[in-house]
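# Below is the sequence, then the predicted model.
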Amino acid sequence: MQIDLIETFCIVNNVINFWKTSLNKKSNFKQNYEERKRFNKVVDFTLSNKEFTALGHTQLFTSTSGEIKKIKNGYDVNILVLIQYRDTFDDVGNIFASGSQKNPRKKLAGGKPFGMETRIKTIRIRKTMKSLDEIKKEVEDNLKKKENR
């Protein structure tokens, strides 16, 4: 779903802000994997086509760990960003698209809520950067590469 990629780019700002805040006025900051910083965002959506309509939401899970050190001309970045989506379809309805006034669409009998998860997208960033804002570009580029596979 396209919304996942767009919303993921928005939640990446939380990752950048976490590292900026944590590193504030320090020469380095380390976040262990076991205690990694986690973010969660819920996006409502409606998915429909000729066969069915489903109302639901996507949960975007993002977490980050690693270490960033200030160096002479920027930052030595060695972090891990994990991203996963969980789609939950709460109201699955009808739907034979050939409905009309005489024969309106009928609700799908026994349409039960269901959910699915994507595999975790693992993005490792090991790079020297002039600004921590470059983390966003690295994550976006990695996600675009994985989307095009």
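Received, thanks.

# Now do the strands in the protein.
28-31, 37-48, 53-71, 74-93, 114-117, 121-129 (DSSP state E).

# any low-confidence regions in this structure?
Per-residue confidence for the chain (pLDDT under 70) gives these ranges: 1-9, 44-55, 89-114, 146-149.

# again, only using 90
Flagging of the chain using pLDDT under 90 yields the residue ranges 1-17, 24-25, 39-62, 83-121, 136-137, 139-149.

# still on that earlier bit, reformat the strands of the chain as a markdown table; add distance to Glu138 and mean neighbour count.
(Each C-beta comes from the backbone N, C-alpha and C, glycine too.) Output for the strands of the chain, formatted as a markdown table (distance: least, C-beta to C-beta, whole Å; neighbours: other C-beta atoms under 10 Å):
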| stretch | distance to Glu138 | mean neighbour count |
| --- | --- | --- |
| strand 28-31 | 17 | 15 |
| strand 37-48 | 17 | 14 |
| strand 53-71 | 12 | 18 |
| strand 74-93 | 8 | 17 |
| strand 114-117 | 24 | 11 |
| strand 121-129 | 5 | 15 |
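
# Format those strands as JSON lines; extra columns: distance to Ile16.
JSON lines is the format used below for the strands of the chain (distance: least, C-beta to C-beta, whole Å):
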{"stretch": "strand 28-31", "distance to Ile16": "13"}
{"stretch": "strand 37-48", "distance to Ile16": "11"}
{"stretch": "strand 53-71", "distance to Ile16": "9"}
{"stretch": "strand 74-93", "distance to Ile16": "10"}
{"stretch": "strand 114-117", "distance to Ile16": "25"}
{"stretch": "strand 121-129", "distance to Ile16": "11"}
